[in-house]
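J.: predicted model and sequence below, questions to follow.
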Amino acid sequence: EAGVTQFPSHSVIEKGQTVTLRCDPISGHDNLYWYRRVMGKEIKFLLHFVKESKQDESGMPNNRFLAERTGGTYSTLKVQPAELEDSGVYFCASSQDRGYTFGSGTRLTVV
Amino acid sequence: AQSVTQLGSHVSVSEGALVLLRCNYSSSVPPYLFWYVQYPNQGLQLLLKYTSAATLVKGINGFEAEFKKSETSFHLTKPSAHMSDAAEYFCAVSRAGGTSYGKLTFGQGTILTVHP
């Protein structure tokens, strides 16, 4: 079974630019989560999809972040415009029943 | 609201020594509890989880954790450390119930160093 795939693995962008992160969950997993770890801080929840619907987006930091999940398959997280404080590692996870699997993360650096 | 506190951001042990990583949680509802490990340049890997069955949970790579409700703790242990255990470890909590685990609330992480 393929795991959760995230890309790119690394991204370096300038402040003010736009970046789109992608997550491909395990096939058949209805639940998809985004998390973020800012350097030196704990991993924090951003949002939760059930299929294509946003179940909980209470962790989204502000309206510069936009998450979508087209057709209940892969998901994208867009940051526009990026700010320095958006730097960190963005993790995606997918879950079905009693499994919960994380991807390797995307390391975003905003300079 | 739920929260997790991991005591000690860095723990160092000798190879062959006991590993003890501490985790205390706060939850107003019955919790599910998890330990994850992250090796360099890899994702989060589930070590073990407590989901209201047995309070002593055995995981992969010889790790185990005991859920102690009275102490609100879920400490991770391994009798004998191996060099390959060097990594960062995360304790996490979610709400019990439902068909999925829902969002996880993580602790700050503990970096384990194993020296010869």
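T.: Good, I have the coordinates. Residues are numbered from 1 along each chain as shown, chains lettered A, B, ... in the order given.
J.: the chain: strands as residue ranges?
T.: The chain I'm using is chain A. A:5-7, A:10-13, A:19-24, A:31-37, A:43-50, A:53-56, A:65-68, A:75-79, A:88-96, A:99-102, A:106-110 (DSSP state E).
J.: look at chain B instead
T.: Going by DSSP E, chain B shows strands at B:2-7, B:10-14, B:19-27, B:31-38, B:44-50, B:56-58, B:64-68, B:73-78, B:87-95, B:105-106, B:110-115.
J.: how about CSV for those strands, with mean pLDDT, mean neighbour count and distance to chain A added?
T.: Every C-beta, even on glycine, is put in place using the N, C-alpha and C of the backbone. Shown next, in CSV, are the strands of chain B (pLDDT from 0 to 100; neighbours: other CB atoms under 10 Å in any protein chain shown; distance: least, CB to the nearest CB, whole Å):
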stretch, mean pLDDT, mean neighbour count, distance to chain A
strand B:2-7, 94, 17, 8
strand B:10-14, 97, 14, 13
strand B:19-27, 96, 18, 12
strand B:31-38, 94, 24, 7
strand B:44-50, 93, 20, 4
strand B:56-58, 95, 14, 14
strand B:64-68, 96, 18, 16
strand B:73-78, 98, 21, 16
strand B:87-95, 94, 23, 7
strand B:105-106, 96, 22, 4
strand B:110-115, 97, 16, 11
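J.: can I get these in CSV with distance to A:Tyr35?
T.: Shown next, in CSV, are the strands of chain B (distance: least, CB to CB, whole Å):
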stretch, distance to A:Tyr35
strand B:2-7, 14
strand B:10-14, 22
strand B:19-27, 18
strand B:31-38, 11
strand B:44-50, 9
strand B:56-58, 23
strand B:64-68, 21
strand B:73-78, 20
strand B:87-95, 10
strand B:105-106, 8
strand B:110-115, 18
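J.: beta-bridge partners for the closest residue in space to B:Lys58 that isn't next to it in sequence, please?
T.: With sequence-adjacent residues excluded and distances taken as CB to CB, 6 or more residues apart in numbering or on different chains, B:Lys58 is closest to B:Glu64, at 4.8 Å. Listed beta-bridge partners, B:Glu64: B:Lys58, B:Thr77 (assigned using DSSP bridges).
J.: so who does B:Glu64 touch?
T.: B:48, B:56-58, B:76-78 (CB atoms under 8 Å, 6 or more residues apart in numbering or on different chains).
J.: for chain B, what are the nearby residues on chain A?
T.: A:3-4, A:30-31, A:33, A:35, A:41-45, A:48, A:56, A:59, A:91, A:93, A:95-98, A:100-105 (CB under 8 Å from any CB of the partner chain).
J.: of those, grab the buried ones for PyMOL.
T.: Burial among those is assessed by 16 or more other CB atoms under 10 Å in any protein chain shown; the matching PyMOL selection reads:
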select buried, chain A and resi 4+30+31+33+35+42+43+44+45+48+59+91+93+95+96+100+101+102+103+104+105
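J.: tell me if I'm right that B:Ala86 and B:Thr113 touch.
T.: Yes: with contact defined as CB atoms under 8 Å, B:Ala86 reaches B:Thr113; the gap is 5.8 Å.
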